[in-house]
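Enquirer: next one to model:
(2 chains)
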Amino acid sequence: MSAGTVAPHRPGQQTGRDGFAQLLRAEWTKFRTVRGWVIGTLVAALVTAGLGLFAAGATSSSCQSTSGGPARSGQGCMTIPPVGPGGEAVSDNFYFVRRPLAGNGSITVRITSLTGLLPANPNTPVGPNAPIDTRPGLVPWAKAGIIIKESTQPGSAYAAMMVTADHGVRMQDDYTNDTAGQVGAVSPASPRWLRLTRSGDTITGYDSADGTHWTQVGAVRLAGLPSTVQAGLFAASPAYQAISENFGGGESGIVAPSQDTAVFDHLSRSGAWPASGWTGDYVDAADGSGIGGYHQAGGRFAVTGSGDIAPVATGQAGDVGTTITEHLVGTFAGLIAMIVVATIFITAEYRRGLIRLTLTASPRRGRVLAAKAIVIGSVAFGAGLAGAAAAVIFGAQLASARGSYVYPVPWPTELRVVVGTALLIALAAVLALALGTMLRRSAAAVTLVIVAIILPYILGVASILPVSASDWLLRITPAAAFAIQQAAPQYPQVAALYSPSSGYFPLAPWVGLAVLCAYAALALGLAVVLLRRRDA
Amino acid sequence: MSEPKGRVAVWTEERRRSDEGRQRLKAARRRAGPTLHAEWTKLRTVSGPAWLLAGTIVLIVAVSAAATAAVKCPSGTACAVDTPKLSLTGIEFGQAVVAILAVLVISGEYSTGMIRITLTAMPRRSAVLAAKAVIVAGLVLAAGTIAVGGSLLAGRVILPGHGFTPGRGFPLLSLADGPTLRAAAGSVLYLALIALLSLGIATIVRESAVAIGGVLGLLYLSPIIISVVAGDPVWSHRLERYAPMSAGLTIQDTTGLRGLPISPWGGLGVLAAWAAAAMLVGGLALRLRDA
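Expert: The predicted structure is shown next:
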């Protein structure tokens, strides 16, 4: 401004922070007083919650009982998975040859072989009670070894040293933790020695190739471990899966039980082991489907088992329940509504010519756009938070009331999913605002944002594209932010089809959100530059 | 400068001979001609629609070719792939651009205030909407035909190299094959119906951003919801039968026809019903409301 220009009269106003507060108030007033925008925001919250509740209510599936009886509905026909110490759903099925251990102590054993049986014909599903036609073989995560466990209650805390079919020696504890030890498969020519030592709450795992040179694999702390625990040998073998991906139609295939047998010898114990013999039983054989048993001859044990001690991978075929990710399916519709509102928030100014008035009143254009972004971002965050919270909280209640099971998630995860969904909607609104400023036309801006955020998500979630292709789209497009809704992590020690359609995204939750954040920041920066350079 | 006499005479003679027909044609032209012509001029003389149509074609062919190239059938495995449907994957993307084109045809007039001039010049409002529908549908049919042809051609070139050979039960894509022809022609019609649905919705809501959001929300709603309520056979069946996109795209299915929730032409019929309903409500709204 030249010196001769008369400054606009601003009673009691100074430039700087106060001026920006004034600007925020002006933009908030604009937003608040346009009925259509307020309605659009309410619609965004309502469809996010409404579609989610519809999905939660509609998934109460009836199911065929495994023993061939009549179809029943609701929880009666499902095996509800136990909940692990971390709050996640786990499977805790294995054959356990155990005896109590009072106080501190250790157990050492040598494993000389791990063999197993798989369903003979991968194309014929094998019922648990049907005679199993089998062939020799192991699933990659077939496991056997030694375990110290809080109790035989499914879902109780544990730490274990084990050999696996394809993944070498592992130390695993409390279902989700997995540490690698010696590599390579076990055989009579190259046996594996394993040792677990309890000292207070701490359990330390060691492995060795010869029984003299020991390497510590890991030390874990199991808080609140009682003084008397169950310790011994175990064998477990996760279900055999032959799942292929159908282009445009999800997955198909079979899941059938498998079993493994491990041969142990050189069993030695130290510490206080109350006098009692070895007890062999199948942990959590709720439906009587557990395969297992053991033979003891001299110092040699052969333990056979099936099942798994691991977290449950949700969203798989034949799943018993729904996840909170599925209850947030309405997010995409809420996003569309919010994108429309955010775009019109700026394009309406161009259409009505109001932008000239706005920019005359506050000539620092970057600050105008910043104020708009803060207002629309906050409004979208609020709408998203309300919609997502309602969908997650009431969705779980509705699903339970309708008799379907909802996978539990630890509360920090639930909080992250709900707040992250709100952030996703807020960032998308800012992106839409920025593109609306750049393009000045609502139709083009709305379409661009919807195609960038919603379309890759649909292609992945509705499995229209193969997983490899949709994984790439969900890494590089703004749709990466949907990763924030992933409720369960992808566990390397659980074999499953981890695809966007089963609720698993290729990026980590906050990394995915950061991708959208980068897009929004970049677009906002470009919009500020263009807004400054161009005539309004 | 005067015309040679004889030529004028011949011209007059011809005109007299077909007088009756011409009168009828003229009457019809008087009704529809100028409206159609006006709408055609409006579309032709701005660059947007041409770009959008070109974009539709490029997008459909490119996405179809990419999707086809992404799928391989390794030897020794049985691949249950519906190759004509696969090579028409681009339609699912292209429909978004078609929706924008159709929405802008009417909401562009509302945003500039042009609609008041249009309706002053052509007071018969339903005729205006009908003319817009004819022009948009015609353009989309033309662009769709090129796009579908290009997609099938891409599939024909790419598929045999990826294991989908005639020897393994995947004949070369050809319009001589009945189901393939139906899928191809049906996809073109699908795009035209999406255009009419979008035009109708845009006439109802007037604001372009809201209309586009509404159309895309309506279209993409069904695949997302179906994937989530897959456990509920009743709801997923209902959605597959009656949601515009899921039902309409069954026209592309050439295999497993018995297992379809709705027959291919029945599915396209459902989409046609959606489009007709949107156009009807749009037409009524246009007549009853102030512009």
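Enquirer: what are the ranges of the helices in the chain?
Expert: You didn't say which chain, so I picked chain A. Listed from the start of the chain, chain A has helices (DSSP state H) covering A:17-33, A:35-58, A:324-327, A:331-352, A:354-361, A:365-401, A:411-439, A:442-461, A:467-476, A:509-533.
Enquirer: try again with chain B
Expert: Applying DSSP H to chain B gives helices spanning B:5-17, B:19-44, B:47-70, B:83-86, B:91-112, B:114-121, B:125-158, B:178-205, B:208-228, B:233-242, B:244-248, B:264-288.
Enquirer: between the two ends of stretch B:117-125, how far is it?
Expert: Taking C-alpha to C-alpha, to the nearest Å as the measure, stretch B:117-125 stretches 12 Å from start to finish.
Enquirer: cool, stretch A:222-231 as well?
Expert: End-to-end distance for stretch A:222-231: 14 Å, by C-alpha to C-alpha.
Enquirer: quick one: neighbours of B:Ala65, just the number.
Expert: 20 (other C-beta atoms under 10 Å in any protein chain shown). Where C-beta positions appear, they are placed from N, C-alpha and C, glycine not excepted.
Enquirer: returning to that earlier point: tabulate the helices of chain A (JSON lines), appending mean pLDDT, distance to chain B and mean neighbour count.
Expert: JSON lines is the format used below for these (pLDDT from 0 to 100; distance: least, C-beta to the nearest C-beta, whole Å; neighbours: other C-beta atoms under 10 Å in any protein chain shown):
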{"stretch": "helix A:17-33", "mean pLDDT": "85", "distance to chain B": "15", "mean neighbour count": "15"}
{"stretch": "helix A:35-58", "mean pLDDT": "90", "distance to chain B": "4", "mean neighbour count": "21"}
{"stretch": "helix A:324-327", "mean pLDDT": "85", "distance to chain B": "5", "mean neighbour count": "30"}
{"stretch": "helix A:331-352", "mean pLDDT": "92", "distance to chain B": "4", "mean neighbour count": "27"}
{"stretch": "helix A:354-361", "mean pLDDT": "87", "distance to chain B": "14", "mean neighbour count": "15"}
{"stretch": "helix A:365-401", "mean pLDDT": "92", "distance to chain B": "11", "mean neighbour count": "22"}
{"stretch": "helix A:411-439", "mean pLDDT": "94", "distance to chain B": "8", "mean neighbour count": "24"}
{"stretch": "helix A:442-461", "mean pLDDT": "86", "distance to chain B": "4", "mean neighbour count": "25"}
{"stretch": "helix A:467-476", "mean pLDDT": "82", "distance to chain B": "5", "mean neighbour count": "18"}
{"stretch": "helix A:509-533", "mean pLDDT": "94", "distance to chain B": "17", "mean neighbour count": "18"}
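Enquirer: so which of the helices of chain B is nearest A:Phe54?
Expert: With distances scored as C-beta to C-beta, the stretch of those nearest to A:Phe54 is helix B:208-228 (7.4 Å).
Enquirer: for stretch A:371-387, the distance to its chain's centre please.
Expert: In terms of C-alpha atoms, centre = their mean, to the nearest Å, the centre of stretch A:371-387 is found 26 Å from the chain centre.
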